[in-house]
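Undergrad: pasted the sequence and its predicted model underneath.
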Amino acid sequence: MTAGGYNSGGRGFRALLNSDLKPTFSESVYGSYHTVSGIYYDDSLGFFSIARHGSGHATYSYSWGKSSDDFRSGKNKQTSYILSTRVAEGWQIYFTQEVQFFIGSTTHLIPEATLDLQTLYPSTHKSNKFYIYATVDGGVAHYMLSEQYVADSSTAIYIGVCETDETQITNLQVNRATRLGDFREFTEHLTDSKPHGLDLSQVTTDDVGLGLLENKSIRNTLVIPTFKEVFDGWYRLSHQGTKPYPAIPAETATWTYNEATDAIRNTTNSVGLVGMVSPDDVAVGDYDFITG
């Protein structure tokens with residue numbers, strides 16, 4: 001049974017009524033928006049309905065089957081996109097060139113690759129997050145995806161992340177990564193005292209691949225005396241161009257030590273050279289003396 005007419009927008013419509021006299025087709029105009037919904041039948045498709053995608057960028061159909069039993073079951077057997085204003089983005093991650101991968105003291109070549117999320121994760125590729133790794137399996141290097149973040153190991157290293165929504169890949173980040181033992185260069189480790197579960201306070205040379213290094217005992221101990229020890233142990237002298245020495249004996253008694261400032265000074269105002277020498281058993285560095 002069919003009924004026809006015109007709506008207030010001037011657009012014609014026709015309703016197909018089922019056995020319960022409920023319309024299964026409608027056409028509406030809301031301002032500049034035109035929507036169509038309903039149940040149709042085609043010899044090749046059987047019963048199918050048309051709907052607009054929630055994004056507003058595509059129209060698609062639900063296929064219910066070819067028999068009345070299929071139609072009554074209300075189970076969608078196939079979804080097909082009829083029209084879209086967006087080009088399909090796909091679910092592929094492309095690596096377009098060979099990359100050298102050094103791990104386990106061996107250099108590998110990871111070949112060009114395409115990772116198809118829809119094939120690898122047929123039921124979970126939408127609205128999900130995937131972690132990308134470079135890994136070696138049986139001596140062969142390749143890329144690997146995981147739905148869970150996994151700590152680096154002796155055969156795999158984390159290199160990036162991929163995020164998806166209901167229709168496409170929305171975020172893809174892949175970085176070159178290096179690691180020395182259990183250490184990586186990533187900035188997130190600056191605020192993490194235990195990256196990958198590693199307690200840095202317990203790190204040994206084995207953790208960074210330097211297990212052959214040894215801590216040797218101290219061979220020589222350098223003792224630098226205090227200024228007070230210098231004052232008590234050094235010889236005083238005054239010098240002139242010719243003998244006898246000292247030139248002015250009284251000058252040797254004018255050396256003083258100031259405990260408050262930890263300084264040694266000589267207040268003699270003389271044309272002679274006033275100085276100090278270290279005994280042979282005291283090895284010290286250079287000292288600056290200020291005359292006054």
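TA: That came in fine, so what should we check first?
Undergrad: how about low-confidence regions in the stretch 151-292 of the chain?
TA: For the stretch 151-292 of the chain, applying pLDDT under 70 flags the ranges 178-213, 234-249, 268-292.
Undergrad: which positions within stretch 102-115 qualify as buried?
TA: Ile103, His108, Ile110, Leu115 (16 or more other CB atoms under 10 Å). C-betas here are computed from N, CA, C, even on glycine.
Undergrad: three-state assignment of the closest residue to Lys126 other than its chain neighbours?
TA: If you skip the residues right next to it in sequence, Lys126 has Glu166 as its closest partner in space, 5.2 Å away by CB to CB, 6 or more residues apart in numbering. Of the three states, Glu166 takes coil under DSSP: H, G, I helix; E, B strand; the rest coil.
Undergrad: next, count neighbours for Glu166.
TA: A count of neighbours around Glu166, defined by other CB atoms under 10 Å, yields 10.
Undergrad: just the one 10 residues further on next, same as before
TA: The number of residues packed near Arg176 is 9, by other CB under 10 Å.
Undergrad: for Thr119, grab phi and psi.
TA: phi -80, psi -40 (degrees, to the nearest 10).
Undergrad: quick check: it vs Gly90, distance?
TA: Distance, Thr119 to Gly90, using CB to CB, to the nearest Å: 11 Å.
Undergrad: same thing with Thr135?
TA: Using CB to CB, one obtains 24 Å as the distance from Thr135 to Gly90.
Undergrad: those two: who's more crowded?
TA: The residue with more neighbours, out of Thr135 and Gly90, is Thr135; 21 against 13, by other CB under 10 Å.
Undergrad: so that one: helix, strand or coil?
TA: Bear in mind the rule, three-state DSSP; under it Thr135 is strand.
Undergrad: residues in contact with the closest residue to it other than its chain neighbours?
TA: Nearest-residue entry for Thr135: Ala156, 3.8 Å, with adjacent residues in sequence omitted and distances by CB to CB, 6+ apart. With contacts taken as CB atoms under 8 Å, 6 or more residues apart in numbering, Ala156 has the following neighbours: Tyr133, Ala134, Thr135, Val136, Met144, Val150.
Undergrad: whichever of the residues you listed end up buried, select them in PyMOL.
TA: Selecting only the buried entries of the contacts of Ala156 in PyMOL, with 16+ other CB under 10 Å as the criterion:
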select buried, resi 133+134+135+136+144
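Undergrad: domain parsing of this protein, as residue ranges.
TA: When the chain is parsed into structural domains using automatic domain parsing, the resulting residue ranges are 2-84, 92-197, 220-292.
Undergrad: what helix or strand is Tyr143 on?
TA: Here Tyr143, judged by DSSP states H and E, is contained in strand 140-146.
Undergrad: ok, the residue nearest to Leu145 when sequence neighbours are not counted to Asp165 distance?
TA: Counting by CB to CB, 6+ apart, the nearest residue to Leu145 once its immediate chain neighbours are dropped is Phe130, at 4.8 Å. Separation of Phe130 from Asp165 (CB to CB) stands at 13 Å.
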